[in-house]
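# Can you look at this prediction? I've put the sequence above it.
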Amino acid sequence: MSRGQALLGAAAIVLVACAPLGLKSYGTYLLTLWCVYVMAGMGLNLTAGYAGQMSIGHAAFLGIGAYTGAILLKAGLGLAVALPAATLLCFVIGVALGFPALRVQHHYLAFATLGFNVLVFLVMRNEEWLTGGTFGISAIPRPALFGLSLDRPWAFFLFTYVSALLLAAAFYGLVRSPWGRAFATLRDNRIRAESLGVDVTAYTLLAFAIGAACAGIAGVYFAMLVQFIEPAPFHPAASLMMLLMVIVGGAGRFLGPVVGAAFLVLLPEWLRFMKDWYLVLFGLTIVVLMLWLPGGVLSIPERLKGGGRWRHSSR
Amino acid sequence: MIDFLQVLLSGAATGCVYALVALGFTLLWQAAGAINFAQGEFVMLPAFAMLSCLAFGTPLWLAFVIACALSMAVLGLAFKRLIVDPISGRGVVTLVIATLGLAVAAKNIVKATYGAEARPFPGVFPETLLALGPLKVSVQDVGTLLVAGAMVAALHLFLNRTQTGRAMQAVAQNVEAATVLGINVSRMVLYVFLINALLVTIAALLVAPAYLAKFDMGDSLGLKAFYAAIIGGFNQSRGALVGGLLVGMLENFVGAYVSPGYKDGVALMVFLVVILFRPEGLLGRPEERRV
């Protein structure tokens, strides 16, 4: 990263932090939601973008995180319990689900995760004693942080924003560590990775489970943000949108989910007059991207510079 | 016992429709290496095409014929030429994503033009019950089972007994060898896309009366068809039939005797068990890894 880029990044970070000053509470809510989806998206980006595994069950992990967070917070336990519990639970479930699915060809994971999402959705809807069924869980408290109340929209936004930045920093470290490079090797050439001594199964499983854990963290923030959760936002269709969001931004790019989440959360608000046609446009954009620009929106500058070279070949 | 047989029969009828959709799915995979995640939407679109024709006052059979023609042109030819062919060199994942995008677009086009509510669809068969001794069976179930079963059998015969069918199988097994033998590979692949377009239209005709026509009807249908295909064996056309029947009957079973709320989770459970112990599917052959 050059000095200019670092300055630009720092300026962008400060600018977004100041954004609520010029926004009403709904705008701040959307911005916070965007941060939540960026957190979840970074996890999915690790699974799908870096490790090249098709996961279409990310909303299920977001949901598991949200319900775990909601139930624990309502029981009066603090964030110090709810956050690690949700993260750990998603990680463990990720390992348990990934183990059978990752033993076979990579597109099987897509089906397994999609079906898993259906199952989680059914549990959320049917097990009323735990999840409140279709009525959901309401009046989820926002715990105070070191005695500071997070009830005001901008305070909660700042809290979520800083958390997202911390997660991004951890993620940045991870993808540049030997582990992260091993993930990318898996995607680019599985057999070469194997012959270089990378334990393929263990690493794909790890990438998948870490991705799931990120969604769990995002889920807790989601529950605190909306303060009322029900099964609908965790429907399999939401998982699809999350995967497409990562792809649109640019799979395997650090900033991919940041751009992608804006497509999913912010853009529909500006294009509200389009109603259902927005999603038509979104779907067709995906098709067109796959035809001409598989690297996503963020690869446009490179395409213009490099004259048609892909940054990485997708299989 | 009587209940049990009725549950089994209606499960088999649903399962046969899954099998039709799954069969198209496997054929596309075998011949073109294409995984079509919009397969469920491919069933939903002809259903709405038929509804549109019916709204103009055409009889159901004519609507079906028009839908078949449209489906072959759009979901067969155009899908192959405009989306699958340009992307196929870039691998499975790119195509999967593209078809996912296509599914989102197709669903929302229908939602934007027809609205989000489910629409009734006229049945091909009368909604009466047939009494066979103490057993009361729905004519619709029996009809669905017969038509779908006949379709699968006809396709099986076509693939194994005709020269074109065998040529298509040859392409699925080894493109280079098929080319050397003088088989027109691209034409065979086109046939597969056209057959898939026909299969989904027939599935739409059979499933829409029971499930109603709705913009998201393809979601669960597509997913179960994928599972049926994988459970039976992704590289075997017979496997799709076995997988479809198994999923259809088991889930009806769970819905009736265990918990209706978890009916839709059955297919996943069977799928997970199968890939854990027999990743190539019940009837499938193991595939060698291509580097």
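Looks like it arrived, so ask away. Numbering: from 1, shown residues only, chains lettered A, B, ... in the order given.
# Find me whatever residue is spatially closest to B:Met249, sequence neighbours aside.
B:Gly11 (3.7 Å; Cβ to Cβ, 6 or more residues apart in numbering or on different chains). Backbone N, C-alpha and C define where each C-beta goes, glycine included.
# Same question for B:Val270.
B:Ile231 is the one closest to B:Val270 (Cβ to Cβ, 6+ apart), at 5.7 Å.
# Report how many residues lie close to that neighbour.
B:Ile231 sits with 28 neighbouring residues when counted by other Cβ atoms under 10 Å in any protein chain shown.
# Okay, B:Val171 and chain A: tell me how far apart.
21 Å (Cβ to the nearest Cβ, to the nearest Å).
# right, and B:Ala19 touches B:Met249 too?
No. Judged on Cβ atoms under 8 Å, B:Ala19 makes no contact with B:Met249 at a distance of 11.4 Å.
# now the closest residue to A:Val198 other than its chain neighbours: how far from A:Gly147?
The shortest distance from A:Val198 to any non-neighbouring residue, by Cβ to Cβ, 6+ apart, is to A:Ala182 (4.9 Å). Using Cβ to Cβ, to the nearest Å, A:Ala182 is found at 42 Å from A:Gly147.
# Which one's more surrounded, these two?
A:Ala182 (21 against 5).
# For the helix or strand the more buried one falls within, buried residues please.
Here A:Ala182 sits within helix A:178-188, counting by DSSP states H and E. For helix A:178-188, burial by neighbour count (16 or more other Cβ atoms under 10 Å in any protein chain shown) applies to A:180, A:182-187.
# The helix or strand just after that helix packs against which elements?
As assigned by DSSP H and E, the chain's next helix or strand after helix A:178-188 is helix A:190-195. Contacts defined by 3 or more Cβ pairs under 8 Å, 6 or more residues apart in numbering or on different chains; DSSP states H and E place helix A:190-195 against helix A:178-188, helix A:200-226.
# right, so these: which one is the most enclosed?
Across the helices and strands packed on helix A:190-195, averaging neighbours per residue (mean count of other Cβ atoms under 10 Å in any protein chain shown) puts helix A:200-226 on top, at a mean of 25.
# Same question for stretch B:28-46: list its buried residues.
Residues of stretch B:28-46 classed as buried: B:28-32, B:34-46 (neighbour count, 16+ other Cβ under 10 Å).
# Report whether A:Phe254 is found in a strand, as I expect.
No. Judged by DSSP: H, G, I helix; E, B strand; the rest coil, A:Phe254 forms no part of a strand; its state is coil.
# From B:Ala154, how far off is it?
53 Å.
# Looking at the two now, which is surrounded by more residues?
A:Phe254 (17 against 10).
# for the more buried one, what are its contacts?
A:171-172, A:175 (Cβ atoms under 8 Å, 6 or more residues apart in numbering or on different chains).
# Equivalent analysis for A:Ala144, please.
Counted by Cβ under 8 Å, 6+ apart, A:Ala144 has contacts A:Leu150.
# Now it: phi and psi?
phi -80, psi 150 (degrees, to the nearest 10).
# how near is it to A:Leu150?
On the measure of Cβ to Cβ, A:Ala144 and A:Leu150 end up 6 Å apart.
# quick one: the strands in chain B?
B:129-132, B:135-138 (DSSP state E).
# Other residues contacting the last one?
Yep, that's strand B:135-138 we're talking about. Residues contacting strand B:135-138 (Cβ under 8 Å, 6+ apart): B:2, B:5-6, B:9-10, B:127-130.
# Mind checking which of the residues you listed are buried?
B:6, B:9-10.
# Distance check, the residue nearest to A:Val198 against chain B.
19 Å.
# residues touching that residue, list them.
A:193, A:198, A:203.
# which one of those residues sits closest to chain B?
Taking Cβ to the nearest Cβ as the measure, chain B sits nearest to A:Ala193 out of these, at 12.6 Å.
# my read: the closest one touches A:Leu186, true?
Yes. With contact defined as Cβ under 8 Å, A:Ala193 and A:Leu186 form a contacting pair (5.1 Å).
# Which positions within stretch B:100-114 qualify as buried?
So stretch B:100-114, judged by 16+ other Cβ under 10 Å, has buried residues B:100-112.
# would CSV of those with distance to A:Phe159 be doable?
Below are the buried residues of stretch B:100-114 laid out as CSV (distance: Cβ to Cβ, whole Å):
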residue, distance to A:Phe159
B:Leu100, 34
B:Gly101, 34
B:Leu102, 39
B:Ala103, 37
B:Val104, 33
B:Ala105, 37
B:Ala106, 40
B:Lys107, 36
B:Asn108, 35
B:Ile109, 40
B:Val110, 41
B:Lys111, 36
B:Ala112, 38
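# Give the members of those that are also in contact with chain A.
Applying Cβ under 8 Å from any Cβ of the partner chain, the subset of the buried residues of stretch B:100-114 adjacent to chain A comprises B:100-109, B:111-112.
# Among those residues, name the ones in helices.
Using DSSP state H, the members of these that fall in helices are B:100-109, B:111-112.
# Backbone torsions only: list them for A:Leu77.
Per-residue torsions, A:Leu77: phi -80, psi 150 (degrees, to the nearest 10).
# Which of the ones in helices among the ones next to chain A among the buried residues of stretch B:100-114 sits closest to B:Asn196?
Closest to B:Asn196 out of these is B:Leu102 (14.2 Å), distances taken as Cβ to Cβ.
# residue contacts, the closest one?
B:Leu102 sits in contact with A:283, A:286-287, B:38, B:41, B:83, where contact means Cβ under 8 Å, 6+ apart.
# Repeat the analysis, applying 10 Å as the threshold.
B:Leu102 makes contact with A:283-284, A:286-287, A:290, B:36-38, B:41-42, B:79, B:83 under the criterion Cβ atoms under 10 Å, 6 or more residues apart in numbering or on different chains.
# Excluding covalently adjacent residues, which one is nearest to A:Arg272?
Using Cβ to Cβ, 6+ apart and skipping the chain neighbours, the partner closest in space to A:Arg272 is A:Tyr278 (8.0 Å).
# Give me the neighbour count for the residue in the stretch 101-250 of chain A that chain B sits nearest to.
Relative to chain B, the nearest point of the stretch 101-250 of chain A is A:Gly115 (3.2 Å; Cβ to the nearest Cβ). Applying other Cβ under 10 Å, we find 29 residues neighbouring A:Gly115.
# Checking my notes, it in a helix, right?
Yes. Applying three-state DSSP, one finds A:Gly115 inside a helix.
# wait, it sits on B:Leu268?
Yes. Under the criterion of Cβ atoms under 10 Å, A:Gly115 makes contact with B:Leu268 at 3.2 Å.
# Give the residues shared as contacts by these two.
Common neighbours of A:Gly115 and B:Leu268, using Cβ under 10 Å, 6+ apart, are B:223-224, B:227.
# so which of these is the most crowded?
Most neighbours among those, by other Cβ under 10 Å: B:Lys224, with 30 neighbours.
# Name all residues that make contact with that residue.
So B:Lys224 contacts A:115, A:118, B:14-15, B:17-18, B:21-22, B:40, B:231, B:243-244, B:247-248, B:251, B:264, B:266-268, B:271 (Cβ under 10 Å, 6+ apart).
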